[in-house]
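Colleague: would you be able to build a 3D model of this:
(one chain, ligands or ions: 4)
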Amino acid sequence: MRIDLHTHSSVSDGTDTVAELLVTARAAGLDVVALTDHDTTAGWSLAEAARPSGLTVVPGMELSCRWFPDDQPPISVHLLAYLFEPTHPGFAAERARLRDERLERGERIVTALAAAGYGISWDRIVERSEGGVVGRPHIARALVDAGAADSVDHAFATLLHHRSPYYVAKADTDVREGIALVRAAGGVPVFAHGLATKRGRVVGDAAIAAMAEAGLLGLEVDHPDHSEEERAHLRGLAADLGLITTGSSDYHGTNKVTPIGACTTDPHQLEALLAAGTGSAPFGD
Ligand code: AMP
Ligand code: ZN
Ligand code: FE
Ligand code: FE
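Modeller: Ligands and ions are numbered 1, 2, ... in the order given. Below is the predicted model:
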C-alpha cells in the first residue's frame, strides 16, 4: 500500500486540478491519497466525483495556524486536518475568516511589490486563481510570468520568503483553537512539517507536548523539508506522546519540484488515523 496524506490542488495553491491530481496519484502507484488544500474543503466534492477506481481519497485540509511563545513573536504552524465534518459551523466560520485574511494580505504583498516596480497585478492574480484560495505561490507565479524571477522557488528565495521586506504575516488561527475546532468537528489534527527550519522559525518540544495536551493526534514525520535528524527527533516525540506518525509529499504540482508520493505513510498509521476520524468518511470503492 502506497499512501500520501498531504497534497494541494488548484483549489488552493497547487497547479493540478483535483481530477488531474487524482490521475497523477494513481499513475504514481498510490493506493491512498489525501487532498489537503489550504483553508478550504472546496475540492472534496470534486475529488469524490473524479476519483479513479482503485484509489481511496481521504478528505482533508491544511489549516493555517500560529503558536504564541511567551517571549517571541508568533510562529507559523500548519495543521493537517482529516475526516472532519465540513459543515461544523464554528470550524467553517474560521476557515472563511482565514480565506479573507489571505486575500487582504496577498493584496498588501502585491501592492508593495508593484509599487517597487515589479510588474504584477493583484486583480490578475485573483482572476488566474479561478476562485481558489490564494497564497504566495500565486504571487510567485505572477513574478515568474513578469520576468522578475526564474522560477517559483527563485521568487520565494528572493522576494517572498518570511524575512523579505515584502512579506506580510497573516492573522492565522491559534493552533490550540485550531486543534479544538478539528476535534469538535470529529476530525484528526496532525502537525504538518513541524521541524521544517527552511520555512522559518519552528516550535520546540514543549510546544508540541502542549499541542498533544490540547488534542493533537499526529505528527507529520517524513516530509521533503525535514532532514533525517529532524525526522528521527519527531519520531521519538511521537512515540513519547503516543501520537500517530505520517509521511507525505506536500505535492503542489509544478509550483514545487517534489513529485507526488515522494514521502509515504505506513499502513498501520493510516489505520489509526482512519479509526480516529468520525466527521466524514474516505471516498473509495
Ligand atoms: P502562504 O500560505 O501564502 O503563506 O504560502 C505558503 C505556501 O508556499 C506553502 O504551501 C508552501 O508550501 C509554499 N512555499 C513555501 N516556500 C516555498 C518555496 N521555496 N517554493 C515553492 N513553494 C513554497
Ligand atoms: Zn501550499
Ligand atoms: Fe504547509
Ligand atoms: Fe502543504
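
Colleague: hmm, Cys65 and Leu98 touching each other?
Modeller: No: with contact defined as C-beta atoms under 8 Å, Leu98 does not count as touching Cys65 (9.2 Å). C-beta here means a position set from N, CA and C on the backbone, and glycine is covered the same way.

Colleague: pick out whichever of the two has more residues nearby.
Modeller: Cys65 (24 against 21; other C-beta atoms under 10 Å).

Colleague: how many neighbours does Val144 have?
Modeller: For Val144, using other C-beta under 10 Å, the count is 17.

Colleague: now it: which helix or strand?
Modeller: Secondary structure from DSSP states H and E places Val144 in helix 136-145.

Colleague: name the helices or strands packed onto that helix?
Modeller: helix 89-115, helix 122-128, helix 152-155 (3 or more C-beta pairs under 8 Å, 6 or more residues apart in numbering; DSSP states H and E).

Colleague: what lines up beside the helix or strand just after the last one in the sheet?
Modeller: So the one you mean is helix 152-155. Next along the chain after helix 152-155, taking DSSP H and E as the criterion, comes strand 173-174. Take DSSP bridges as the rule and strand 173-174 pairs in its sheet with strand 56-67 (parallel).

Colleague: now the strands for the stretch 151-285 of the chain?
Modeller: Per DSSP state E, counting those that start in this stretch, the stretch 151-285 of the chain carries strands over the ranges 173-174, 188-192, 218-222, 244-247.

Colleague: possible to save those strands as a markdown table with mean neighbour count and mean pLDDT?
Modeller: Below are these laid out as a markdown table (neighbours: other C-beta atoms under 10 Å; pLDDT from 0 to 100):
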| stretch | mean neighbour count | mean pLDDT |
| --- | --- | --- |
| strand 173-174 | 20 | 98 |
| strand 188-192 | 27 | 99 |
| strand 218-222 | 26 | 98 |
| strand 244-247 | 24 | 98 |
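
Colleague: Ala115 is nearest to which of those strands?
Modeller: Closest approach to Ala115 among the strands of the stretch 151-285 of the chain (C-beta to C-beta): strand 173-174, 29.9 Å.

Colleague: how about the closest one, does it reach ligand 1?
Modeller: No: using C-beta under 6 Å from any ligand atom, strand 173-174 stays clear of ligand 1, coming no nearer than 12.9 Å.

Colleague: can you put the strands of the stretch 151-285 of the chain in JSON lines and add distance to Arg105?
Modeller: Output for those, formatted as JSON lines (distance: least, C-beta to C-beta, whole Å):
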{"stretch": "strand 173-174", "distance to Arg105": "14"}
{"stretch": "strand 188-192", "distance to Arg105": "20"}
{"stretch": "strand 218-222", "distance to Arg105": "24"}
{"stretch": "strand 244-247", "distance to Arg105": "28"}
